[in-house]
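K.L.:
coords please:
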Amino acid sequence: MMCARCRKDPIDIPEYADHAKADNMEVHNWVQLEEGTFNHKLQLFVCTLCYIAIGMPSSPRGWKPEGLIE
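P.N.:
Numbers count the residues shown, from 1 in each chain. Below you'll find the predicted structure:
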């Protein structure tokens, strides 16, 4: 599991670690349940800073990782 753009593990992203701690959850579980960009099949998400950097894309079908991963 990692950010599709910066490739950070959510454990290494303070925002996610703080949210998970506040919700008394493991960070990876928190991302799976609460991160709106999380792609369960690919185990990818886009962290907040990267989401802003790529223009905050959204659609009725959800965020797509095309173009961000090799």
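
K.L.:
quick one, helices of the chain?
P.N.:
With DSSP state H, the ranges of helices along the chain come out as 14-22, 27-34, 48-53.

K.L.:
Between these, which one is closest to Arg5.
P.N.:
Closest to Arg5 of these is helix 48-53 (CB to CB; 3.8 Å). The way it works is simple: take the backbone N, C-alpha and C, and place the C-beta from them, glycine included.

K.L.:
hmm, who's touching that closest one?
P.N.:
The contact list for helix 48-53 (CB atoms under 8 Å, 6 or more residues apart in numbering) reads 3-6, 15, 37.

K.L.:
can you put the helices of the chain in JSON lines and add mean pLDDT, distance to Lys41 and mean neighbour count?
P.N.:
Shown next, in JSON lines, are the helices of the chain (pLDDT from 0 to 100; distance: least, CB to CB, whole Å; neighbours: other CB atoms under 10 Å):
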{"stretch": "helix 14-22", "mean pLDDT": "96", "distance to Lys41": "20", "mean neighbour count": "14"}
{"stretch": "helix 27-34", "mean pLDDT": "96", "distance to Lys41": "12", "mean neighbour count": "16"}
{"stretch": "helix 48-53", "mean pLDDT": "91", "distance to Lys41": "19", "mean neighbour count": "14"}
